[in-house]
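Novice: Turn this into a structure:
(one chain, ligands or ions: 1)
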Amino acid sequence: MGAMDAVSLLEPLREEWLKAVVAALADDEITALGLRPQMERFYGLLLQSVRTGEPTLVDSILHNWVWSQTITDLESEKASVIEVLQRILTATMKFLHAHFPPSEAFELLMALQPYFVHMVEYAAAQEMHAHLEHSTAQLEHLQEELQQLERSKSEFVSLAAHELKTPLTVIEGYSAMLKEAILELAPVEAQERLLALLEGVSRGTGRIREIVDDLIDILLIDNRMLKLAFQPFWLDQIFRSLADELAPALSERSITLHIRRFPGIERVIFGDALRLRQAFRNLLVNAIKYTPDGGRITVDGKLLPGFVEVVIKDTGIGIALEDQRRIFDKFGHSGSPLTHSSGKIKFKGGGPGLGLPIAKGIIEAHGGSIWVESRGRDEHTLPGSTFHVLLPLRDEPPGEGDESGVFLKIASYLKSPPWKGGKSS
Ligand code: ADP
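Specialist: Okay, here's the model as predicted:
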C-alpha cells in the first residue's frame, strides 16, 4: 500500500482515531478535553509525515511534551513521553483493527510504523537530555551547598579564633599598661610585690593563650585548613632552637637532652619549619613531662629512601600498649583530670591532651607519619617511650595556588600582640 493510499484511508477517520486515543490516555473528562487539541495536531502531523515521507514533522510536539514535564515528573520517571507514545500506538492498533479488515489494518500499521519508531527514538533522546540537564542542575545545586558549608566552616574557625583572642589581647594590653603604671606611680617599696602579682596574671593569660592556640590548631587540622608555608630548613636548626628554649625546664628537672648528629639532621628539606618546630616541641615537652627528674632524652634519626626519620626517646614512665593509639586522638590522654592544674613541665603534669594530636596533624599535613613505641607504662621500672617521626624529603615546595586566602585571614588572628615579641609558646 502506497503512502498516499494510507493517508486517504486514514484522513476521514480522524474523529474515530481521536476518540480512541484520547480515551486510552485520559482518565477523566477534563484531561480528555485538554488532550483533544494536542492529539488533533498530532494526528494531522503524523499523516503529513506519511504523506511527505518526512518523519521529523512530529518532533516539535514531542519536544514540547518532553520539556513541559516538571521536575517531579522527571524524578518519578512515571509519566514519560515514551510511555504516552506507546499508549498512542496501542490505541492506534486497536483502532485499525476496529475499522479495517485484518490485512488492510496490517498494511496501514506497516505504513505508520517507521514514523512511530522515529518518534520513540526522538522522545528517548530528548528525555535523556532532559534527565541529564536535570541531574546537572541538581549536582550544581549540591556543589553550591557544599561550598556554602565549606565557607561557613572556615568562617566559624576564624570567628572562634577572633572571639577567643580578642579578650586575651585586651587583658595583655591592660597588663602592660598596669606594669608601666606601677613603675611610675606606685611607691618603690610596693613595686616588687605588685610586679610579682602582675607576673602571676601574665603567666595565667600566657597559659590561656597557649590553650587557645592549641584549640585553634586542632580546629584547623580537623577542618583540613592547616596551610603550610613551605621553605627550606634544617632539622638541626629546629632542634638547636628547641634545646635553647627548653634549657631552663631541662635543668629544673635535671634531665639531659642529647641531640645526636644523625644523617639527615643537616640536610636541607622543604617544609613549614615553624609548624614542624611546634610538633617536635610538643614531643620534647612531653618527654620532659613524663620523665622523672634525672632522666635522659635522646634525639636521633636516620635517612631512608625519600624520607628522614627522627626518633625521640626518653627514659620516662612509658605508655601502656592500649593507650598507644588513643594518645594521638583529641583529648585522648590517659592521665587523671586531677593532674591538670599542675605546671607545664612538672613531672606527669597533664595538659588538655592536644599536644600529640597537633603534632600528628602537622606531620601528616607534610605527608609524614608519627607513631610511638613503648614496652608499657611503669613508674618504677621506667621503660621509656620512643616517638618516631617520618618526614618526606622534599627538594621543593609542593604545588602552589590553592585557597590560601582563608589561611591568611586566620593567620592574622594568630599573631601575638605587638608588645609581646613573637609567639609566646
Ligand atoms: P597532654 O600531655 O596535654 O595530656 P598530649 O597530647 O601531649 O596531651 O599527650 C597525650 C598523652 O600521651 C599524655 O597525657 C600522656 O599520657 C601520654 N604521653 C605523651 N607523651 C608521653 C611520653 N613521652 N611518655 C609517656 N607518656 C606520654
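
Novice: Quick check: beta-bridge partners of residue 301?
Specialist: Under the criterion DSSP bridges, residue 301 forms beta bridges with residue 310.

Novice: and whatever helix or strand residue 176 lives in, what does it pack onto?
Specialist: Per DSSP states H and E: residue 176 is located in helix 102-185. Counting contacts by 3 or more C-beta pairs under 8 Å, 6 or more residues apart in numbering; DSSP states H and E, helix 102-185 packs against helix 3-10, helix 29-52, helix 59-67, helix 71-76, helix 81-99, helix 188-222, helix 404-414. C-beta here means a position set from N, CA and C on the backbone, and glycine is covered the same way.

Novice: Give me the distance between the second one and the centre of its chain.
Specialist: Using C-alpha atoms, centre = their mean, to the nearest Å, we find the averaged C-alpha position of helix 29-52 to lie 54 Å away from the chain's own average C-alpha position.

Novice: Ok, the longest one next?
Specialist: Once both centres are worked out by C-alpha atoms, centre = their mean, helix 188-222 turns out to sit 33 Å from its chain's centre.

Novice: domains for this structure, by residue range?
Specialist: 3-145, 157-222, 231-420 (automatic domain parsing).

Novice: can you give me how far the shortest one is from the chain middle?
Specialist: Per C-alpha atoms, centre = their mean, the displacement of domain 157-222 from the mean C-alpha position of its chain is 34 Å.

Novice: quick one: is it near the ligand?
Specialist: No: using C-beta under 6 Å from any ligand atom, domain 157-222 never reaches the ligand; the gap is at least 8.6 Å.

Novice: From start to finish, how long is that domain in a straight line?
Specialist: 11 Å (C-alpha to C-alpha, to the nearest Å).

Novice: now do stretch 368-384
Specialist: 23 Å.

Novice: what about it, near the ligand?
Specialist: No: Stretch 368-384 does not reach the ligand (C-beta under 6 Å from any ligand atom); its nearest approach is 7.1 Å.

Novice: and that stretch, average pLDDT?
Specialist: Averaging pLDDT along stretch 368-384 yields 96.

Novice: Quick check: buried residues in it?
Specialist: 368, 370, 372, 374, 377, 382, 383, 384 (16 or more other C-beta atoms under 10 Å).

Novice: And stretch 82-90, by the same measure?
Specialist: Buried, per 16+ other C-beta under 10 Å, within stretch 82-90: 82, 84, 85, 88, 89.

Novice: now stretch 212-232
Specialist: Buried, per 16+ other C-beta under 10 Å, within stretch 212-232: 212-221, 225-228, 230.

Novice: So which residues on this protein come close to the ligand?
Specialist: 282, 286-287, 290, 314, 316-319, 327, 333-335, 350-357, 385.

Novice: please redo it, this time with the cut-off set to 8 Å
Specialist: Residues of the chain lying close to the ligand (C-beta under 8 Å from any ligand atom) are 282-283, 285-287, 289-291, 312, 314, 316-319, 323, 327-328, 332-335, 350-359, 372, 374, 377, 384-385, 387.

Novice: Filter the residues you listed down to the buried ones.
Specialist: Here, 16+ other C-beta under 10 Å leaves 282-283, 285-287, 289-291, 312, 314, 316-319, 323, 327-328, 333, 350-351, 353-359, 372, 374, 377, 384-385, 387 buried among those.

Novice: Which ones among those residues lie within helices?
Specialist: Among those, DSSP state H puts 282, 283, 285, 286, 287, 289, 355, 356, 357, 358, 359 in helices.

Novice: would you turn those residues into a markdown table with pLDDT and distance to residue 38?
Specialist: Formatted as a markdown table, these follow (pLDDT from 0 to 100; distance: C-beta to C-beta, whole Å):
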| residue | pLDDT | distance to residue 38 |
| --- | --- | --- |
| 282 | 97 | 74 |
| 283 | 98 | 77 |
| 285 | 96 | 80 |
| 286 | 96 | 78 |
| 287 | 97 | 83 |
| 289 | 96 | 82 |
| 355 | 93 | 74 |
| 356 | 96 | 71 |
| 357 | 94 | 66 |
| 358 | 96 | 68 |
| 359 | 97 | 71 |
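
Novice: Which members of the residues you listed are the farthest-apart pair?
Specialist: Using C-beta to C-beta, the two most remote members of those are 287 and 357, lying 16.9 Å apart.

Novice: Okay, the residue of the chain positioned farthest from its centre and residue 369: tell me how far apart.
Specialist: Within the chain, residue 101 marks the point farthest from the mean C-alpha position, 69.7 Å out by C-alpha atoms, centre = their mean. For residue 101, the distance to residue 369 equals 84 Å [C-beta to C-beta, to the nearest Å].

Novice: Kindly report the same for residue 151.
Specialist: 31 Å.

Novice: picking that back up, and among the domains of the chain, the most buried is which?
Specialist: Highest mean neighbour count of the domains of the chain: domain 231-420, a mean of 17 (counted as mean count of other C-beta atoms under 10 Å).

Novice: which element is the nearest residue to residue 396 once chain neighbours are set aside on?
Specialist: Leaving aside its sequence neighbours, residue 396 sits nearest to residue 270 (C-beta to C-beta, 6 or more residues apart in numbering; 6.0 Å). When elements are assigned from DSSP H and E, residue 270 belongs to strand 269-271.

Novice: Off-centre distance for that strand?
Specialist: Per C-alpha atoms, centre = their mean, the centroid offset for strand 269-271 relative to its chain is 25 Å.

Novice: who's in contact with it?
Specialist: Strand 269-271 is contacted from outside by 228, 230-235, 308, 366, 391, 393-397, using C-beta atoms under 8 Å, 6 or more residues apart in numbering.

Novice: got it, and stretch 118-127?
Specialist: Taking C-beta under 8 Å, 6+ apart as the rule, stretch 118-127 contacts 55-56, 58-59, 62-63, 65-67, 80-82, 85-86.

Novice: again, only this time at 10 Å
Specialist: With contact meaning C-beta atoms under 10 Å, 6 or more residues apart in numbering, stretch 118-127 is reached by 42, 46, 49, 54-59, 61-63, 65-67, 69, 74, 77, 80-86, 88-89.
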